[in-house]
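Novice: My questions concern the predicted model and sequence given below.
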Amino acid sequence: MPWMTRGIREGIVTSRYPHRPDGYGPLFRATVSVSGGEDVARLDAPEAVAVAQLCPTGAIKTEGGIRVDRGLCVACGRCVAARPEMFSFDADFEVAALRRDLLVVSRHEEGQNDLAELREGLARRVRALRRSIHIRHIDCGSDGSEEWEIAALTNPFYDVQRLGIFFTASPRHADLLLVTGAGATGMLGALHRTFDAMPTPKLIIAIGSETASGGLLARSYATRGGIADDISVDVFVPGSPPSPFAILHGILLAIGLMPVRGSDATQAERSS
């Protein structure tokens, strides 16, 4: 049986993340970042407009400095190809945020700008959930790409069960609701009924840029431009689609199992 000898030869392939660093390598296109270069103050008005028009979803903001709204960005790469001195792909997948506006980043900001008080408040709510988390997923108008990434979490490499994270078919057994899709109007009732059926404490994670803002479908007659205006979201995971590691980071951030880093660490030290 070749699968047995292969298993013995390769050993354990399951990721050790988050206990040990892991990722996809420096060439992975996780998100678009402002890499430096020109400030919008140095650009004349026509050029600033041209830079903003590089993005089909309007994710490039030019007021007060060049910024990228990762909640709108679909990682098409048009801005990187046209202005490589200003934009670049970033391999960092730990970009989930506890608030929608924190997905808007500039070259002076890190992707992890979540506020310490938001973390503390969320941690108090979900303290009872840290030993075992059951997840219910609901599709609110997705193109199907996020579903493939969510399904990958249960394969032998990511193996979320090792962290006490399980998927359930019933919202009455769920602690956490993963929502994908641009917020289809026909699914909003089902979204609220699913959330109401969950026991407390409960959490909502918006998976993908479409769920945060609508993405390319934001102007569609059939969508609401994401779900944030219709239901309270605890964590936003940007990407189109976000990778399994990015989704796992968002889940761990929601349940308070990710270490504080970056600007959060500095703020936490000041408040302690």
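Specialist: Right, received. Where do you want to start? Numbers count the residues shown, from 1 in each chain.

Novice: Tell me, how many residues neighbour Pro21?
Specialist: By other CB atoms under 10 Å, the residues close to Pro21 number 7. Every C-beta, even on glycine, is put in place using the N, C-alpha and C of the backbone.

Novice: so it sits in a helix?
Specialist: No: per DSSP: H, G, I helix; E, B strand; the rest coil, Pro21 lies outside any helix segment and is coil.

Novice: Could you pull out the helices in the protein for me?
Specialist: Remark: helices assigned in the chain by DSSP state H are 2-10, 45-52, 78-82, 116-125, 145-152, 188-197, 209-213, 244-254, 263-271.

Novice: Quick check: which of these is buried the most?
Specialist: helix 209-213 (a mean of 31; mean count of other CB atoms under 10 Å).

Novice: Excluding residues flanking it in the chain, which one is nearest Leu43?
Specialist: Val51 (6.9 Å; CB to CB, 6 or more residues apart in numbering).

Novice: do the same with Val237
Specialist: Gly250 (3.8 Å).

Novice: Quick check, Leu153 in contact with Leu248.
Specialist: Yes: in this structure, Leu153 is within contact of Leu248 by CB atoms under 8 Å, at 6.3 Å.

Novice: Common neighbours of the two, please.
Specialist: Shared contacts of Leu153 and Leu248, defined by CB atoms under 8 Å, 6 or more residues apart in numbering, comprise Val160.

Novice: Check the residue nearest to Leu43 and give its pLDDT.
Specialist: At Val51, the model reports a pLDDT of 91.

Novice: where's it relative to Asn155, distance?
Specialist: Distance of Val51 to Asn155, given as CB to CB, to the nearest Å: 40 Å.

Novice: do the same with Ser142
Specialist: From Ser142 to Asn155 the distance is 20 Å (CB to CB).

Novice: Compare these two and say which one has the larger neighbour count.
Specialist: Ser142 (22 against 11).

Novice: The more buried one reaches Gly214, doesn't it?
Specialist: No: counting by CB under 8 Å, Gly214 is not a contact partner of Ser142; they are 11.8 Å apart.

Novice: what residues do these two have in common as contacts?
Specialist: Ala182.

Novice: Show the contacting residues for the residue nearest to Val237.
Specialist: Neighbouring residues of Gly250 by CB under 8 Å, 6+ apart: 96, 205, 207, 235-237, 242.

Novice: now those residues in a markdown table, with distance to Val80 and neighbour count?
Specialist: Listed next are these as a markdown table, based on distance: CB to CB, whole Å; neighbours: other CB atoms under 10 Å:
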| residue | distance to Val80 | neighbour count |
| --- | --- | --- |
| Ala96 | 22 | 30 |
| Ile205 | 27 | 23 |
| Ile207 | 23 | 29 |
| Val235 | 26 | 25 |
| Phe236 | 22 | 29 |
| Val237 | 21 | 33 |
| Pro242 | 18 | 30 |
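
Novice: nearest to Ser15, of those residues?
Specialist: Minimum distance to Ser15 across the contacts of Gly250 is 15.9 Å, recorded for Pro242 (CB to CB).
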